[in-house]
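1. The sequence isn't on hand, but the structure is:
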């Protein structure tokens, strides 16, 4: 059986001992904490060694059985979650976490790398999706891109929340409310909304939205990522539009991308066909 993880040209040697966290373990100042949940013991060890060498505090779990207690106790910055595990699988765990309002960033790992699987993973609230086998540097790059996205979606320099219609977007708290009630969004959805707000009334191509929400250029096949953006737009519309089929705020520019219109009149709905996009 092919191992899911390879050092990529002999860049890393994986002989260092693996650290299993003690119940009172805390990360050193400034270290970002990653929780790896995967039933493959060897993969967990390799990930622990590699990520530790790149400055991460790594926690390990063989299943989701203790996932909630680890999240409460250790408050990780990001979860690496295997899709196919005994018991609760990664998609079910991700959906459950998002359902209870836990927005910890999630990167899903899986040997099933079909486009439909990527989209389902993103639908369940995952922030990124990486197929096995993979290069450790690619995983590291994706982790850092997701964490940058969470940081940048705090809307640098914006001290005041942004209001549109009955909504208020608090970039510091990373929270969207409607008439004071929190609207649950995944990290990816909040990053996408932030990018749209920062470019209000400015048409944006899908590739530009991908760059804004993923911290830079993306190497994943374009069609897969376009569909991922479209799916997140669909979910955002369901969250903020009174009639998602006739959106007022997030409008489609056919053949190009999307535009965010914060001050749309109630009677002003429909799609845009002519503006040029960035």
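-> Perfect, thanks for sending it. No experiment lies behind these values; they were computed from the predicted model shown. Numbers count the residues shown, from 1 in each chain.

2. next helix or strand past the helix or strand of the chain with the lowest mean pLDDT?
-> The helix or strand of the chain with the poorest confidence is helix 115-123; it has a mean of 63 (mean pLDDT, DSSP states H and E). Using DSSP states H and E, the helix or strand that follows helix 115-123 in sequence is strand 128-131.

3. and stretch 235-250, what's its mean pLDDT?
-> The average pLDDT for stretch 235-250 rounds to 92.

4. end to end, how far does that stretch reach?
-> End-to-end distance of stretch 235-250: 11 Å, with C-alpha to C-alpha, to the nearest Å as the criterion.

5. What residues of that stretch count as buried?
-> 235-237, 239-241, 247-250 (16 or more other C-beta atoms under 10 Å). Quick note: C-beta positions are derived from backbone N, CA and C, even for glycine.

6. and what of stretch 61-76?
-> 61-64, 67, 70, 74, 76.

7. Please apply the same query to stretch 171-184.
-> For stretch 171-184, using 16+ other C-beta under 10 Å, the buried residues are 171, 174-177, 183-184.

8. ditto for stretch 94-110
-> So stretch 94-110, judged by 16+ other C-beta under 10 Å, has buried residues 94-98, 102-110.

9. Looking at the residues you listed, which is nearest residue 188?
-> residue 105 (8.5 Å; C-beta to C-beta).

10. pLDDT below threshold where in this structure?
-> Within the chain, the set of residues satisfying pLDDT under 70 comprises 1-30, 101, 112-123, 150-159, 214-225, 264-278.

11. care to break it down by domain?
-> 32-152, 162-260 (automatic domain parsing).

12. Run the chain-centre distance for the shortest one.
-> In terms of C-alpha atoms, centre = their mean, to the nearest Å, the centre of domain 162-260 is set 13 Å apart from its chain centre.

13. now the end-to-end length of it.
-> Using C-alpha to C-alpha, the two ends of domain 162-260 sit 13 Å apart.

14. just stretch 176-184 next, same as before
-> First-to-last residue span, stretch 176-184, C-alpha to C-alpha: 7 Å.
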